[in-house]
Each structure stands twice: as structure tokens, then as C-alpha cells.
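Participant: No sequence on hand, only this structure:
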Ligand SMILES: [Zn+2]
Ligand SMILES: [Zn+2]
């Protein structure tokens, strides 16, 4: 028996007919690279035609010469803040931000108010997504009741209700005994367990990476081993139980090594890294706007950033995830030590990585497109493809366009972007998600056949 399709929910809408004319198509997974007309019929990629030949009567044509078309991206780590903190974000604004970033799907974390612990919570979120979500959304439920780390949720019931997986993200699972039991249940009922790896005893009251910069600033630090020792522990438990784990937001060289060792030892482990950890170091905390760079795990040293880049290259890190974590201004525009941890990232993920890492030749464009695109795979969601016959999920990007983050506002309800005010090169012009037009940049004009 094949496993059931993982549940993602999107707003009901009309499947689109569209011709994207003359774009440079790059789909590393399908081995497609070159100029094509992408003919979308009834929400499906019908054909990749020779440039200029794909027009059809009465069908809208997007003039895309000079633009790049990628399989749209998938973010397995988003905080939509619903239910309970809709002043920060909700399903509508969060998925709109995702669409604006070229994403055709996201997975929302469960550390809401209250946390997503019961089947009715999961069902309510899918119901809301059906009327609010611009792109398909999946929802994890918590591993432990109330995220208190003491008692497991009813994982089988939550799976039946449509939980795509489980995570106590925001908090680690402190008890090895609870972790072990969760993995025993996960083997029975499916659904990946995604882990925020942190030893609270080692993190203590830390507010930034423990290193030269924290010493200079006189701030208490979060050591790298706070993350890596927990990864090693959970990899060992997963190996023992023959279960699968997904490690969220890797930040440190020791963590990359722990995942690499586990993978080479045959552990079923996948991992992600965020754009901000790939692009910045703790030096950013020395700047005037330090609170904008406060997150957990913290920005670490240059050697850590280099290790993450190497991890992407050698496959230790499976995907790029934003950990989009909206907060309102009052929680961020305060002294560094008092500021909330977390930054937004959906709208800037591609542009920031393109600017910082592709533009400078550190990473090839095709690898970035692949790593932004495959984040659903650990959870059983196949990556988008531009091959004919696939559901239409397209991110149309102008790699030359320069824009200043935040200048035109945000689709997200919150403004705590880690790269606010920065000029980025590369801009998403349009996103097709699940066969529907999910986003068009306001200034992006289009022709009609
Ligand atoms: Zn986390
Ligand atoms: Zn998170």
C-alpha cells in the first residue's frame, strides 16, 4: 500500500490558462535549461514550446524574455502565527508573503497560541487555509502536549486530522525519553518529526552566538555546542529506533558535522539552513539595528557560515528554509537583550541568496533553485517541476532587477525583515502555485493575446 498523499490545503480558485513567453527555463530536477514558452493549460504545464510559438487564442501571454522561470519554491519552516497572534501574521498574509517570494507551498509551525495539539486544531487550520491561503499550506502539530515536553500528543489522531508532521519548534524536546517515544510512534503513524535542536542548559540566558563578538559586546552567548550536542543525541536515538528526523535551522560548524556524520552512518536524517544564517554572521549584531538580527539559533561566526555553504554543496543540508518568524515592531524596537527572537524571510529568501551567494559566485544558481525547491521532500511533498504534465508551479524572476527591501511595503503583516533597507538583486515578478496565479508584482505589466 502506498502512503497517502500528504495534506496541503489551498484556497479554491480557477486553474489558469497562460503562456509565459520566452523565459529562460531552469529546472535542475528535470534537467531543463534554456529558452522556452511555458504553455499552461487548465493549471498544468501542457507544453514547453519553442520561444515565440506558444501563443494560443484568447490566452493571456506573459512577455518573459530576459526573465528566468524556475519550479516554484517550497518552505518547510514558516510561522503563520495563527491561531492566536494574528496581529503578527495570519494564514492570508503569511501565504501572500510566500507567494511574493516565489513559493508554491509552505509548512506552518505549531507554536501558536494555543499550540496545535489536538485534531480539531489541525482541522480548523485546514478550514481556514481553504478560504485564506494563497499557496498550498501544510500544518505540523506539536510533538508534546502544550509544548511542555512532558507528554506526547495523540500523534495517530493528529495524522488522521491532516497533520503533515510534528514539531515543537521554538523549543527543543528536552527529554531523551520523550524523544525516543515520539520516534517510536512516528514509525507507526508516519509524519516527519522536525527538530529545533538546542540544549536549554547550555543556552542559558544567552542572547547571541557565544564568541568573539559576544565577548566584545559583553552579551551572554549561546554556544554552538548547545545545538550540535542535541543533534548528535537525537541522531543516535533515531538510529536506534530506525526512525526519521529532520533538523531545523542548522547554524554551526559542529552541527553540520554532526548531521554529516549521522548521514554517513546511515541515519535517516535531513536538515535545513536559513537564508540569514547563510548570508550573515554575528558581526551584524554590532550594527545599529542589532535587534533586527536577533534570532534563535543566533547568527554565528564566519567559519560557521562557510560550513553551512559547504553543507549545501555536499548534500549534508537538504534544503533552504526561511524560519519566517513575524514579530510586531514593539517587540523588536527595544534594547537588544529584550527584543524577541526571530526574523521574517519569505519575501526575500531568493533575492537575498541570489545577491549574497550567487552574484558573488559562491553558489551556482541551479543549486540554489534546487535547495529552495525541495524543502517539501523530507515531509513527503514532491518538488515542483516544469516538465510537461506537472501541476503548474512557477516562480518567474528577473535576476537583474534591483530593489530595496521594504521600500514598497511587505505582504507580511510584520516588518522585522533581517535585510530591511538592503538593496537586493533579483526579484520575483510572478508566482503560479498549484495551477493558480498566486502573485504578480504590482508594476509587472503583461500582454494579452
Ligand atoms: Zn526553531
Ligand atoms: Zn521556527
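Facilitator: Cool, got the structure. As the structure is a computational prediction, the values presented were derived from the model and not from experiment. Ligands and ions are numbered 1, 2, ... in the order given.
Participant: Check the secondary structure at residue 337 for me.
Facilitator: Three-state call for residue 337 (DSSP: H, G, I helix; E, B strand; the rest coil): helix.
Participant: confidence score at it?
Facilitator: We have a pLDDT of 90 for residue 337.
Participant: burial measure for it, as a count.
Facilitator: Applying other C-beta atoms under 10 Å, we find 13 residues neighbouring residue 337. For the C-beta atoms, the positions are set from N, CA and C on the backbone; glycine is no exception.
Participant: what does residue 7 give?
Facilitator: Residue 7 has 18 neighbours, counted by other C-beta under 10 Å.
Participant: Next one: it from residue 129, what distance?
Facilitator: 10 Å (C-beta to C-beta, to the nearest Å).
Participant: Kindly report the same for residue 262.
Facilitator: From residue 262 across to residue 129, the span is 34 Å (C-beta to C-beta).
Participant: and what of residue 206?
Facilitator: The spacing between residue 206 and residue 129, counted by C-beta to C-beta, is 36 Å.
Participant: same deal with residue 375?
Facilitator: Plainly put, residue 375 is 18 Å away from residue 129 if you go by C-beta to C-beta.
Participant: can you list the residues of the protein near ligand 2?
Facilitator: 169, 323 (C-beta under 5 Å from the ion).
Participant: Give the residue spans of the chain that score low on pLDDT.
Facilitator: Applying pLDDT under 70 to the chain flags the ranges 1-5, 445-449.
Participant: What about whatever residue of the stretch 151-300 of the chain ends up closest to ligand 2, how many residues nearby?
Facilitator: Closest contact between the stretch 151-300 of the chain and ligand 2, by C-beta to the ion, is at residue 169 (4.4 Å). If you count neighbours by other C-beta under 10 Å, residue 169 ends up with 22.
Participant: so what's it up against?
Facilitator: Taking C-beta atoms under 8 Å, 6 or more residues apart in numbering as the criterion, residue 169 is in contact with 77, 109-111, 140, 194-196, 248.
Participant: nearest to ligand 1, of those residues?
Facilitator: Nearest to ligand 1 among the contacts of residue 169: residue 196, at 3.5 Å, using C-beta to the ion.
Participant: Please name the nearest non-neighbouring residue to the closest one.
Facilitator: Spatially, and ignoring its direct neighbours in sequence, residue 196 is nearest to residue 169 (4.5 Å; C-beta to C-beta, 6 or more residues apart in numbering).
Participant: Pretty sure the one you found sits in a helix.
Facilitator: No. If the criterion is three-state DSSP, then residue 169 is coil and not within a helix.
Participant: give the contact list for residue 249.
Facilitator: Neighbour list for residue 249: 77, 196, 272-274, 277, 297, 321, 323 [criterion: C-beta under 8 Å, 6+ apart].
Participant: go again using 10 Å as the cut-off
Facilitator: For residue 249, the contact set (C-beta atoms under 10 Å, 6 or more residues apart in numbering) comprises 77, 169, 194-198, 227, 255, 271-274, 276-277, 295-297, 321-323.
Participant: What is the end-to-end distance of stretch 276-283?
Facilitator: Using C-alpha to C-alpha, to the nearest Å, the end-to-end distance of stretch 276-283 comes to 13 Å.
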